[in-house]
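1. structural data only, the sequence is not supplied:
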Ligand SMILES: [Zn+2]
């Protein structure tokens, strides 16, 4: 037994039958939440394993949720408990307990610890975009760039620096728990190399502070500017380190990965599947390669809607869709 199996068994419908193979069957609580009519034929099945894991399967609407010791408390398990009528404070307590246990296991094995991030300074003479008083061709070009890319001053605190190495770059601070722990300076000149000057610490995930408790899911993309458009998180590349995965799993939300439409994005999809996360490959025009381009064409609201609406968590369906999407 475990805190999970105890809680699930407490809140499942009281009217249950046990099959010889150990499955409990009862009227599934999930179906009408998934667009099906309510189950009256006892098609919900749950098995509790001796190690404390549980596995739920609905033979009516197809909804599944499971947990095994050492695994995260998934958003699907949370939904199942909610649909069974478990109060949110109980669910949160259980989720926290699982998280603590898992962190204990991880700490003991010393495989990976949660990364810590030091506070770092922004580039020399950096000023907030909204505080610029020195309007010259460089600072004006920055403002023009922002307008052309649909970037607004209320997305985050953008910076600009008049110093030589930075005056043609839009500076985006990296925050963690409210502190500046890194930044990137994106060149606004098409031919300027490197495109990004970045100060980043290992394991960092951009945008974690914005993933507040009231959000049901967290969208994870590659670039910081893309993340800003949809209030998501950015990996800062097309790979997910174990530390980044830990930080994102800690959010205890559905994680929806949106890759760029290129060969690195294909690999990112496989990594997301490996981590048990959702992947969204939205129905955008074929020439659109990332979130920034989608926002230019469709606007922020539709882009966000199309991402949420096509999020998929079945590996089979993700791979089928990826074949078409990457072309
Ligand atoms: Zn169901």
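-> Happy to help now that I have it. These numbers were taken from a predicted model, which means no experiment stands behind them.

2. name the helix or strand for residue 124, please.
-> For residue 124, there is no enclosing helix or strand under DSSP states H and E.

3. leaving aside the residues adjacent along the chain, what's closest to it?
-> residue 163 (4.8 Å; Cβ to Cβ, 6 or more residues apart in numbering). Bear in mind the C-beta positions are built from the backbone N, C-alpha and C, glycine included.

4. quick check: that neighbour touching residue 123?
-> Yes: assessed by Cβ atoms under 8 Å, residue 163 is found in contact with residue 123 at 6.7 Å.

5. so those two - more neighbours on which side?
-> Neighbour totals were compared for residue 163 and residue 123, and residue 123 leads with 17 against 10 (other Cβ atoms under 10 Å).

6. next up, the contacts around that one.
-> Listed by Cβ atoms under 8 Å, 6 or more residues apart in numbering, the contact set of residue 123 reads 159, 161, 163, 165, 166, 171, 183, 185.

7. same deal with residue 51?
-> Shown in contact with residue 51 (Cβ under 8 Å, 6+ apart): 2, 68, 69.

8. what separates it from residue 5, distance-wise?
-> Per Cβ to Cβ, to the nearest Å, residue 51 is found 9 Å from residue 5.

9. also residue 78?
-> Taking Cβ to Cβ as the measure, residue 78 falls 15 Å from residue 5.

10. the strands in the stretch 51-200 of the chain, which residues?
-> For the stretch 51-200 of the chain, applying DSSP state E, counting those that start in this stretch gives strands covering 54-58, 64-67, 127-128, 159-160, 169-176, 179-187, 196-199.

11. scan the protein for its longest helix.
-> helix 88-109 (DSSP state H).

12. list the buried residues for that helix?
-> 91, 94, 95, 98, 102 (16 or more other Cβ atoms under 10 Å).

13. the second one and residue 4 touch, don't they?
-> Yes: in this structure residue 94 lies within contact range of residue 4 using Cβ under 8 Å: 6.5 Å.

14. identify the contacts common to the two.
-> What both residue 94 and residue 4 touch, as defined by Cβ under 8 Å, 6+ apart, is the set residue 73.

15. wait, what's in contact with the residue nearest to residue 124?
-> 123, 124, 125.

16. tell me which parts of the stretch 51-200 of the chain are close to the ion?
-> Selection of the stretch 51-200 of the chain residues close to the ion by Cβ under 5 Å from the ion yields 58, 60, 61, 63.

17. quick check: the farthest pair among these?
-> The span of those, defined through Cβ to Cβ, is set by 60 and 63 at 8.5 Å.

18. between these two, what contacts are shared?
-> Overlap of the contact sets of residue 60 and residue 63 (by Cβ under 8 Å, 6+ apart) consists of 28, 30, 31.

19. hmm, residue 80 and the second one touching each other?
-> Yes: with contact taken as Cβ under 8 Å, residue 30 and residue 80 are classed as touching, separated by 6.7 Å.
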